[in-house]
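Peer 1: coords below, sequence missing:
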Ligand SMILES: [Fe+2]
């Protein structure tokens with residue numbers, strides 16, 4: 001099988017309701033503005049069923065299921081069971097648009113106080129819809145509700161490394177998130 005045919009088959013494997021958004025991502029030649037990503041994600045009319053192929057949970061940690069990646073963007077389906085949480089992290093130099101597909105996402109934002117200790121400043125609950133994080137934001141996302149949480153995350157550029165922080169601490173370390181691929 002030649003490479004072109006393989007690539008066509010790979011493209012066709014996306015759900016028809018997601019394929020136009022993937023085509024938009026593939027066409028990006030520069031990093032998009034956060035508002036542009038937000039608008040595109042808001043217009044993306046998809047349900048949990050449409051993402052079925054990318055949905056995979058883990059019993060003890062949230063899972064990051066990679067859907068698409070290029071030089072400029074990365075699209076992941078994150079699956080969270082009750083009480084699962086991301087570490088407290090920054091976004092290095094990436095922007096991120098998050099679309100809650102099902103469930104309620106809880107985001108806590110943090111600031112480093114003058115003594116260098118990380119402190120929570122606000123907690124917001126997001127029902128289905130889109131929210132955006134900018135490069136310098138420090139936050140964590142959790143599922144505080146018994147219903148499973150499924151979120152779609154679009155990072156630009158791809159988020160390969162970030163800083164992980166510890167509550168009430170001055171410590172941080174570089175963290176490389178693990179992504180799963182093609183769960184089904
Ligand atoms: Fe984040």
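Peer 2: Thanks, I have it. Values in this document were obtained by computation on a predicted structure and should not be read as measured data.
Peer 1: The residue sitting nearest the centre point of the chain sits in which helix or strand?
Peer 2: What sits nearest the mean C-alpha location of the chain, by C-alpha atoms, centre = their mean, is residue 153, with 2.6 Å. Using DSSP states H and E, residue 153 sits in strand 149-156.
Peer 1: who touches that strand?
Peer 2: Taking contacts as C-beta atoms under 8 Å, 6 or more residues apart in numbering, the residues outside strand 149-156 that touch it are 25, 28, 31-32, 37, 41, 44, 46, 48, 51, 55, 64, 72-81, 91, 94-105, 141, 143. All C-beta atoms are positioned from the backbone trio N, CA, C, and that covers glycine.
Peer 1: So which of these sit within strands?
Peer 2: Counting by DSSP state E, the part of the contacts of strand 149-156 found in strands is 64, 74-80, 95-102, 105, 141.
Peer 1: Just confirm residue 169 is within a strand.
Peer 2: No: with DSSP: H, G, I helix; E, B strand; the rest coil as the criterion, residue 169 is coil rather than part of a strand.
Peer 1: ok, it to residue 85 distance?
Peer 2: Separation of residue 169 from residue 85 (C-beta to C-beta, to the nearest Å): 16 Å.
Peer 1: Between these two, tell me which one has more neighbours.
Peer 2: residue 85 (15 against 11; other C-beta atoms under 10 Å).
Peer 1: Find me whatever residue is spatially closest to that one, sequence neighbours aside.
Peer 2: residue 142 (3.8 Å; C-beta to C-beta, 6 or more residues apart in numbering).
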